[in-house]
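Visitor: one predicted model, sequence on top.
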There are 2 protein chains.
Amino acid sequence: MESFGILVRIINSLTIYFNLEKIVAINPLWKRFPIVYALFMNILHIDSCALGDNSVSRQVTSATVAALTEANAQATVLYRDLAASPLSHASGPLLQVISQRWDADIPMNAELRAEALQSASLAQEFQDADVVVLGAPLHNFSVPSTLKAWMDRLLELQTTSSKPRDDLHLLLVTSGCGVMGLASVDELMNNHENQLKAAFQFLGVSRVNVVRGLADVPQALRLRSAA
Amino acid sequence: MESFGILVRIINSLTIYFNLEKIVAINPLWKRFPIVYALFMNILHIDSCALGDNSVSRQVTSATVAALTEANAQATVLYRDLAASPLSHASGPLLQVISQRWDADIPMNAELRAEALQSASLAQEFQDADVVVLGAPLHNFSVPSTLKAWMDRLLELQTTSSKPRDDLHLLLVTSGCGVMGLASVDELMNNHENQLKAAFQFLGVSRVNVVRGLADVPQALRLRSAA
């Protein structure tokens, strides 16, 4: 392991020397090389269940991210807790700005401009991610409102000319956020997962693994074989 | 029509004289009599699409409410625009308070108390309604986040011992909120409608008419025959 650490430090030095980040940014080909991919893996970890420690989905997302970072010591993790720091409901004007249907003759106010910048930043995070571990529980019969507010921002930005995100792997953690005790929960869960898959397919993401519980994590982590 | 107006005024006077509201409140049997039902019909009209005048669902809900009030001149309409005046995302503490899982030893802050009172008031509006015309469009692949925030409040309040709402008629307007242009829109729409039906069934509402467009309004308005 020590020699591996030295190797990592050498690669890091070379990276800085050659300003590799810029090369990486313009040439995603480097992701084809597993060793570099593993070293630079960007993980976007998102939770949205409002029930805190009672949430199964939070336990599953954190176990998934822990397994990913254990396997890739140099991976970076960006964490967003949409329940603790909720985004506003996307207003009509914001949707217009994001989807570039805003009439440029109408001046924007400061609040709307800040919201638009934040949306662009969220979209960039999603763009930069190699793996997204998304806590998307079925809560009160559908996606949590906080997660929907996040998805609204990505979906409105999407145009039909947007590129497929073949480089991105989405781990969709749909395990519960509290108990429902309903007979038709299987059908509801399928509906829920199909909605989310359709939304991310619209965003160009086709490599999706659904994780309903801790038992599904090992299978989902075989990212390469599942691709 | 003039004699009908006089009849209405006589009934209104009698109502005040006998303080009929109180009798009505404790005895929903009066709803069995169509003439009184029509006179006192409480309509709860809810819109949630963020796209304002571009929204098909808003056009359909307002046409539906217009037809209902035309047929029942004394009907009262309560209007809520969840996009224009959004509710906050239901936080963990609020969900605990609403569903009576809040630890009474922990003092509530003023903001949380205000949110809890507002939730109770929204639930009462739903309880008092005879007809709910709900604009619940399929927007960005699922229910708008603003509508979900409203539903969270009703659903958390619900307990398994809650009574069925056989007196309530729900007109579920699922027509679009903007265009999606997707191949699988039919399947998504079915998923969306099944989610909402399951949620309202959980709230005890079984009399649901789905309205996908203006063409469905006349059929949906035959409330009695559909029951």
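Guide: Yes, it's here.
Visitor: by mean pLDDT, flag the weakest helix or strand of chain A.
Guide: When each helix and strand of chain A is scored by mean pLDDT, DSSP states H and E, helix A:20-26 comes last, with a mean of 40.
Visitor: show me chain A divided up by domain.
Guide: A:1-28, A:41-226 (automatic domain parsing).
Visitor: least confident of the ones you listed, on average?
Guide: Sorting the domains of chain A by mean pLDDT places domain A:1-28 lowest, at a mean of 48.
Visitor: now what about whatever helix or strand residue A:172 lives in, what contacts it?
Guide: Assigned by DSSP states H and E, residue A:172 falls within strand A:169-173. By C-beta atoms under 8 Å, 6 or more residues apart in numbering or on different chains, the list of residues contacting strand A:169-173 from outside reads A:57, A:60-61, A:64, A:130-137, A:193, A:196-197, A:200, A:205, A:207-212, A:220, A:223, A:226-227. All C-beta spots, glycine's among them, are computed from the backbone N, C-alpha and C.
Visitor: give me phi/psi at the residue most central in space within chain A?
Guide: Of all residues in chain A, the one closest to the mean position by C-alpha atoms, centre = their mean is residue A:132, 3.4 Å from it. Residue A:132 adopts backbone torsions of phi -110, psi 120, taken as degrees, to the nearest 10.
Visitor: among the contacts of strand A:169-173, which lie within helices?
Guide: Among the contacts of strand A:169-173, the residues falling in helices (DSSP state H) are A:57, A:60, A:61, A:64, A:193, A:196, A:197, A:200, A:220, A:223, A:226.
Visitor: so how many other residues sit close to the fourth one?
Guide: The number of residues packed around residue A:64, counting by other C-beta atoms under 10 Å in any protein chain shown, is 26.
Visitor: who's in contact with residue A:99?
Guide: A:156, A:157.
Visitor: and stretch A:200-213, which residues are buried?
Guide: Residues A:200, A:202, A:203, A:205, A:207, A:208, A:209, A:210, A:211, A:212 are the ones in stretch A:200-213 that count as buried (16 or more other C-beta atoms under 10 Å in any protein chain shown).
Visitor: skipping adjacent residues, who's closest to residue A:87 in space?
Guide: Nearest non-adjacent residue to residue A:87, counting by C-beta to C-beta, 6 or more residues apart in numbering or on different chains: residue A:149, 4.4 Å away.
Visitor: shouldn't the one you found be within a helix?
Guide: Yes - under DSSP: H, G, I helix; E, B strand; the rest coil, residue A:149 sits within a helix.
Visitor: for residue B:201, see how far away it is.
Guide: Distance, residue A:149 to residue B:201, by C-beta to C-beta, to the nearest Å: 26 Å.
Visitor: and what of residue A:136?
Guide: Taking C-beta to C-beta as the measure, residue A:136 and residue B:201 are separated by 23 Å.
Visitor: for residue A:131, same thing?
Guide: According to C-beta to C-beta, residue A:131 stands 37 Å off from residue B:201.
Visitor: likewise residue A:54?
Guide: Distance of residue A:54 to residue B:201, computed by C-beta to C-beta: 25 Å.
Visitor: same question for residue A:189.
Guide: 16 Å.
Visitor: do residue A:206 as well
Guide: Distance from residue A:206 to residue B:201, by C-beta to C-beta: 34 Å.
Visitor: need the strands for chain A, in chain order.
Guide: Ranges of strands in chain A, per DSSP state E, are A:42-47, A:76-81, A:131-135, A:169-173, A:208-211.
Visitor: distance to residue A:154 added to the ones you listed, as a markdown table?
Guide: Below are the strands of chain A laid out as a markdown table (distance: least, C-beta to C-beta, whole Å):
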| stretch | distance to residue A:154 |
| --- | --- |
| strand A:42-47 | 11 |
| strand A:76-81 | 12 |
| strand A:131-135 | 11 |
| strand A:169-173 | 12 |
| strand A:208-211 | 15 |
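Visitor: so which of those strands comes closest to residue B:185?
Guide: strand A:208-211 (19.6 Å; C-beta to C-beta).
Visitor: show me what that closest one is packed against.
Guide: Strand A:208-211 sits against strand A:169-173, helix A:185-202, helix A:217-221, with contacts defined as 3 or more C-beta pairs under 8 Å, 6 or more residues apart in numbering or on different chains; DSSP states H and E.
Visitor: partner strands of that strand, with direction?
Guide: strand A:169-173 (parallel) (DSSP bridges).
Visitor: just the angle between the strand it pairs with and strand A:42-47, please?
Guide: 20 degrees (axes from the mean of the first three to the mean of the last three C-alpha atoms, to 10 degrees).
Visitor: hey, C-alpha coordinates of strand A:169-173 in CSV?
Guide: Output in CSV follows, covering the C-alpha atoms of strand A:169-173 (Å, rounded to 0.1, in the frame of the first residue of the first chain):
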residue,chain,number,x,y,z
HIS,A,169,-23.1,6.3,-13.5
LEU,A,170,-26.2,6.9,-11.4
LEU,A,171,-26.9,4.8,-8.3
LEU,A,172,-30.6,5.4,-7.6
VAL,A,173,-31.3,4.7,-3.9
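Visitor: return the distance of it from the chain's centre.
Guide: 8 Å (C-alpha atoms, centre = their mean, to the nearest Å).
Visitor: can you tell me the closest non-neighbouring residue to residue A:220?
Guide: The nearest residue in space to residue A:220 (C-beta to C-beta, 6+ apart) is residue A:209, at 4.1 Å.
Visitor: my bad, residue A:194
Guide: residue B:191 is the one closest to residue A:194 (C-beta to C-beta, 6+ apart), at 5.8 Å.
Visitor: which residues does that neighbour contact?
Guide: Residue B:191 makes contact with A:191, A:192, A:194, A:195, according to C-beta under 8 Å, 6+ apart.
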